[in-house]
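> Sequence isn't available, so here's the structure alone:
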């Protein structure tokens, strides 16, 4: 079945000295989401930015604010990102106790935002199948979380295919997002594997944006 694959522009690799211009540029070129990679230097070995950046950026565009929390104890910060304008908040399976996941999803829904769960490359897809009926988004990491510019890990494709199969067979409403090493080739591979949303960072921001976006749009037209 042909799906409309969306593009989430990650601002991690953008020019922070001209962040407003960078966001407006990708919006004009046809991005669907603005993706925020939130890192705490604890869950991952890097620090990025927090809710004040989301709060500043969210009013200047009309795209979906897609917040990816690569942080320990993410539930402590849910409200701050909701107040900042998040439309989707994704937390990591590996950052919380498994018995808390359902209640965290319920809390996000009670606040009127969509709930996402992310898994690292080493986490098997089968670990999260039981949550797919409640989740709005499942984010498959195709690199180790923490830094932009890494190469795509081919093992993500089999994981995406397995999750796609489960979603389709069980009529779940969850969409599949992939993050890490996305370019025109890996975008096509992911689209064929069944992804719904591609997070694109360095390929978009470190090249000619118009050419990069055009090549992505062509690649996902499968």
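Received, thanks. This is a predicted model, so every value here is computed, not measured.
> List the contacts of the longest helix along the chain.
Secondary structure assigned by DSSP state H gives helix 155-170 as the longest helix of the chain. The set of residues that contact helix 155-170 without belonging to it, under Cβ atoms under 8 Å, 6 or more residues apart in numbering, is 1, 119, 121, 124-126, 128-129, 132-133, 138, 140-142, 172, 174, 176, 178, 180, 189-190, 193-195. Placement of C-beta: from N, CA and C, glycine included.
> and the helix or strand just after that helix, what other elements does it pack with?
The first helix or strand that comes after helix 155-170 along the chain, using DSSP states H and E, is strand 175-179. Packed against strand 175-179, as judged by 3 or more Cβ pairs under 8 Å, 6 or more residues apart in numbering; DSSP states H and E, are the following elements: strand 137-141, helix 155-170, strand 197-200.
> State the mean pLDDT of strand 175-179.
Strand 175-179 carries an average pLDDT of 98.
> List the neighbouring strands of it plus their orientation.
Strand 175-179 pairs in its sheet with strand 137-141 (parallel), strand 197-200 (parallel), by DSSP bridges.
> now the angle between helix 155-170 and that strand, please.
Here strand 175-179 runs at 170 degrees with respect to helix 155-170, directions being taken by axes from the mean of the first three to the mean of the last three Cα atoms, to 10 degrees.
> chain center to strand 175-179: distance?
6 Å (Cα atoms, centre = their mean, to the nearest Å).
> Name the residues that touch that strand?
For strand 175-179, the surrounding residues in contact (Cβ under 8 Å, 6+ apart) are 8, 10, 35, 66, 68, 90, 116, 118, 136-143, 145, 156, 160, 163-164, 167, 190, 194-199.
> I'd like the next helix or strand past that strand.
Moving toward the C-terminus from strand 175-179, the next element (DSSP H and E) is helix 184-193.
> before we move on, the earlier item: could you list the buried residues of the longest helix of the chain?
Applying a neighbour-count criterion of 16 or more other Cβ atoms under 10 Å, the buried positions in helix 155-170 are 156-157, 159-164, 166-167.
> now, among the residues you listed, which is nearest to residue 220?
Nearest to residue 220, judged by Cβ to Cβ, of the buried residues of helix 155-170 is residue 160 at 13.4 Å.
> Tell me where this protein is predicted with low confidence.
Within the chain, the set of residues satisfying pLDDT under 70 comprises 1-2, 147-149, 222.
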